[in-house]
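> okay, structure incoming, though there's no sequence with it:
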């Protein structure tokens, strides 16, 4: 049991290296089986870690280099329920993605499996580590493997373009993180998160600390695709193979947000905590802007993967709001929302994969009415769409309402409206596509020809039937997405985990002294489930209404359609910003970093 | 965005970032002041505790051995990624190498390049091996030595031709070497567990300070990293050369 933290990383890495042998032997089924077994093993390890970490933080010193007189010499994993939970999520989704891939690709070498396991190891290590430099190294490992997986379909230029945009922007993110880290090291001379926190505690927040914070936050914002660092995401998610998208969308984006929470509470809170309201305004503001812009962009797409890419972004904006509230309840609500939303997005991406496998197209107009023979797949889409909208009893409604309530307590009384709009519009986009594909509603719209119309796919398409290994994971996720809302203990334990996550003193003494003080008794907050229920129902209904309106657009009164035309001009301007040109993206990123720095400088004066 | 627009946004941002950097970096300690408690501690301990006279090696391969293991896997997955992205596609076929400009007589490798290239292969490999083997004693180690070893193999390409280079370092062998080397690092970590310590705990005798066989597991990891790096660089060069020399897109018409 005590070796589990090391095995969580060592097992997937050893498995990946061993699988290269499998690729040389060219035994496809053997490779599949080993990869699934390794990922399942990691899932079990992470589940055990999660259970154990609820009893208190697990600290593991690699090489046995324990701190000497409170000075960290080696690298530690410092595992709490939130980190372990994210690792479990990553491992579970990776296992499902590998099972799904069993029959998904026509001709696939084992290199795909090798990279997927490395990607998994990167994500698991990233969530478990307690060392800032080690965090950066895992960030890079995650990136390198994900870039290659994104470009998997090398037969076309689009995936390579998407992978390139992904690679360039995220490597810039890594540079920012490294620079921020170097500043902190220059000041304090240490790298362990707990040690950094202890060194900065109570010091004056001067330019160096603020700039280091800005650089780290910006680097992680690139990963989680906050406006204006977000441009790469849709390009990458739209071209990555569907099973890879599951991991990118349901975990990787969220890890950027996790990292901001981790460094804020373990390192910076001691120096910057006094100005929390200022930090809150900036982070929450960025989250809100991202949530709304991405929701609009989401509704404008016609390719299913792009719809989901922007939905991922929009909801990541909502997560950033939850974390940015800088309170335990906000973080706890976000944890619930992240898990529930991950299951919904996984369901949807796998359902898209099923359509791609069968019809060789992921375009809602191309598939018009063709899904009638697959009513069960339609059901997956509807559950997914309503899940994005946050309709009770789906788990997303609980997460959403927890964040909204906390935001309202902190004076953001308009926040429920933002959540309602973002979730309803993203849900509506999926429901609209489902209505067109599975019910044959709306126009076929052959007149609109876009250059991305003849999208080739990772599978040959035209398969007569859908293999069970593809249906089962998707259906399982759809069922699981109800769980977070229906298990009352889930909300309680995430709130508890969030409290512990933010207790800097307890974290420091657990890591550096090896003693964990007993948990303070949790004060139950009076949450009002009814309010959350109502807002959930409203956004669900709103999503359905929007989807219906979009499907019967041609039959709406002319006056209404005329009134919408100025809006169309704004929207096309917004669309044009997402040019796919990497130079544009880097220019926005540069300006965004400067703006972020300016905002934090003002907020932390 | 237009070229001008892009430039404008970038320059405005870059100016802001410059200001930000000046503000941040001016908070660093003055030149020559070394406040790193961590660095000081490791410098003091490494020789006594690890019997390694190269403190950098003791830090990267022992105290912070996990970082280096992950870095090795970053290189590993970068190469695997390149292999995946540059794999032969359905509409491509490999031609025997030939000059694309038919009318031109290819220049033969000059005798001077040939002689110097061949002459340098031996010393380069020897030097690479030395750098790897003494990584725990003097500056150097697996990463640096691995690159030197790889350049020794590349001299074969320079002095001879692509095919003899491929015969000497076939892709499959390099792939297997890379995988085994990456795997070895994890295995060393696991051996620490088996020997009763934690992952990556040293399980080999530390030996006498200054000996080639000393500093516990560090030389072993150095060898693994050297193989990984050498194989990775040979594979990378091989893949890119193959793209240029062998693979041509079949005429679609």
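The structure has been received and is ready for your questions. These numbers come from a predicted model, not from an experiment.

> low-confidence regions, the stretch 51-200 of chain B specifically.
B:88-107, B:161-163 (pLDDT under 70).

> which stretches in it count as helices?
In the stretch 51-200 of chain B, the segments counted as helices under DSSP state H, counting those that start in this stretch are B:55-58, B:65-85, B:111-133, B:142-159, B:162-168, B:171-194.

> skipping adjacent residues, who's closest to the residue of the stretch 51-200 of chain A found nearest chain B in space?
With Cβ to the nearest Cβ as the measure, residue A:148 is the residue of the stretch 51-200 of chain A nearest to chain B, at 2.8 Å. Every residue, glycine included, has its C-beta placed from N, CA and C. Closest residue to residue A:148 apart from its sequence neighbours, by Cβ to Cβ, 6 or more residues apart in numbering or on different chains: residue B:81 at 2.8 Å.

> was I right about the one you found contacting residue A:150?
No. Using Cβ atoms under 8 Å, residue B:81 makes no contact with residue A:150, being 9.8 Å away.

> quick one: which of the two has more around it?
Applying other Cβ atoms under 10 Å in any protein chain shown to residue B:81 and residue A:150 shows that residue A:150 carries more neighbours, namely 29 against 25.

> quick one, what contacts the more buried one?
Residue A:150 makes contacts with A:159, A:162-163, A:166, A:236, A:239-240, A:244, A:248, as judged by Cβ atoms under 8 Å, 6 or more residues apart in numbering or on different chains.

> same deal with residue A:537?
A:391-392.

> do the same with residue A:336
A:395, A:398-399, A:402, A:484, A:490-491, A:494.

> cool, and residue A:345?
A:246, A:249-250, A:308, A:311-312, A:315, A:384, A:388.

> how is chain A divided into domains?
According to automatic domain parsing, chain A comprises the domains A:1-130, A:131-445+A:460-508+A:526-603.

> thinking again about what came up before, any of the contacts of residue A:336 buried? List them.
A:395, A:398-399, A:402, A:484, A:490-491, A:494 (16 or more other Cβ atoms under 10 Å in any protein chain shown).

> just checking, which of these belong to strands?
Judged by DSSP state E, strands contain none of the buried ones among the contacts of residue A:336.

> which among those residues gets closest to chain B?
Nearest to chain B among the buried ones among the contacts of residue A:336, with distances taken as Cβ to the nearest Cβ, is residue A:494, at 28.8 Å.

> for residue A:500, see how far away that closest one is.
Residue A:494 sits at a distance of 11 Å from residue A:500 (criterion: Cβ to Cβ, to the nearest Å).

> what touches both of the two?
residue A:81.

> residue boundaries of the helices in the stretch 501-605 of chain A?
So, for the stretch 501-605 of chain A - with DSSP H, counting those that start in this stretch - the helices run A:504-508, A:529-551, A:558-563, A:565-577, A:582-603.

> okay, the helices of the stretch 51-200 of chain B, which one's buried deepest?
helix B:65-85 (a mean of 24; mean count of other Cβ atoms under 10 Å in any protein chain shown).

> which elements pack onto it?
Applying 3 or more Cβ pairs under 8 Å, 6 or more residues apart in numbering or on different chains; DSSP states H and E, we find helix B:65-85 packed against helix A:4-25, helix A:111-128, helix A:132-150, helix B:171-194, helix B:218-245.

> quick one: work out the angle between the shortest one and helix A:132-150.
Here helix A:111-128 runs at 150 degrees with respect to helix A:132-150, directions being taken by axes from the mean of the first three to the mean of the last three Cα atoms, to 10 degrees.

> what angle do helix B:171-194 and helix A:111-128 make with each other?
Using the same axes, to 10 degrees: helix A:111-128 against helix B:171-194 is 30 degrees.

> next, see if helix A:111-128 gets close to chain B.
Yes. Using Cβ under 8 Å from any Cβ of the partner chain, we find that helix A:111-128 touches chain B at A:111-112, A:114-115, A:118, A:121-122, A:125.

> closest to residue B:63 out of the residues you listed?
Distance to residue B:63 across the residues of helix A:111-128 next to chain B (Cβ to Cβ) is lowest for residue A:125, with 17.7 Å.

> count the residues that sit near the residue nearest to the closest one when sequence neighbours are not counted.
Excluding the flanking residues, the one nearest residue A:125 by Cβ to Cβ, 6+ apart is residue A:138, at 4.0 Å. For residue A:138, the count of nearby residues is 28 (other Cβ under 10 Å).

> right, and residue A:138 touches residue B:70 too?
Yes. At 6.2 Å, residue A:138 counts as touching residue B:70 under the criterion of Cβ under 8 Å.

> what is in contact with the two at once?
What both residue A:138 and residue B:70 touch, as defined by Cβ under 8 Å, 6+ apart, is the set A:122, A:125.

> of all the helices of the stretch 501-605 of chain A, which lies closest to residue B:112?
helix A:582-603 (42.5 Å).

> list the residues that contact residue A:595.
So residue A:595 contacts A:228, B:13, B:16 (Cβ under 8 Å, 6+ apart).

> which element is residue 49 on?
All of this refers to chain A. Taking DSSP states H and E as the criterion, residue A:49 maps to helix A:28-53.

> could you do chain B instead?
Using DSSP H and E, residue B:49 falls within helix B:37-50.

> same check, this time on residue A:60
In the assignment (DSSP H and E), residue A:60 maps to strand A:58-61.

> dump the residue contacts of the closest residue to residue B:7 other than its chain neighbours.
What sits nearest to residue B:7 in space, not counting adjacent residues and going by Cβ to Cβ, 6+ apart, is residue A:587, at 7.7 Å. Residue A:587 makes contact with B:1, B:6-7, B:9-10, B:13 under the criterion Cβ under 8 Å, 6+ apart.

> just residue A:109 next, same as before
Under the criterion of Cβ under 8 Å, 6+ apart, the neighbours of residue A:109 are A:23, B:84, B:87.

> and residue B:74, by the same measure?
Contacts of residue B:74 (Cβ under 8 Å, 6+ apart): A:137, A:140-141, A:144.

> ok, now with 6 Å
The neighbourhood of residue B:74, defined by Cβ atoms under 6 Å, 6 or more residues apart in numbering or on different chains, consists of A:140-141, A:144.

> which ones among those residues also lie next to chain B?
Within the set of the contacts of residue B:74, contact with chain B (Cβ under 6 Å from any Cβ of the partner chain) is found for A:140-141, A:144.

> with distance to residue B:127 and neighbour count as extra columns, can I get those residues in JSON lines?
What follows is those, written out as JSON lines (distance: Cβ to Cβ, whole Å; neighbours: other Cβ atoms under 10 Å in any protein chain shown):
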{"residue": "A:140", "distance to residue B:127": "30", "neighbour count": "23"}
{"residue": "A:141", "distance to residue B:127": "31", "neighbour count": "26"}
{"residue": "A:144", "distance to residue B:127": "30", "neighbour count": "27"}
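
> check the secondary structure at residue A:227 for me.
Of the three states, residue A:227 takes coil under DSSP: H, G, I helix; E, B strand; the rest coil.

> wasn't residue A:2 part of a strand?
No. Using three-state DSSP, the assignment for residue A:2 is coil, not a strand.

> my guess is the residue nearest to residue A:125 meets residue A:121, correct?
No. Applying Cβ atoms under 6 Å as the test, residue A:138 and residue A:121 come out as separate, 8.2 Å apart.

> thought residue B:53 was touching residue B:137?
Yes. Contact criterion Cβ under 6 Å: residue B:53 and residue B:137 qualify, at 5.1 Å.

> the stretch 51-200 of chain B against chain A: which residues are in contact?
For the stretch 51-200 of chain B, the residues in contact with chain A (Cβ under 6 Å from any Cβ) are B:63-67, B:70, B:73-74, B:77-78, B:80-81, B:83-85, B:89, B:172, B:179, B:182-183, B:186, B:193, B:197-200.

> if we go to 7 Å?
Neighbours of chain A within the stretch 51-200 of chain B, by Cβ under 7 Å from any Cβ of the partner chain: B:62-67, B:70-71, B:73-74, B:77-78, B:80-81, B:83-85, B:87, B:89, B:172, B:175-176, B:179, B:182-183, B:186, B:189-190, B:193, B:197-200.
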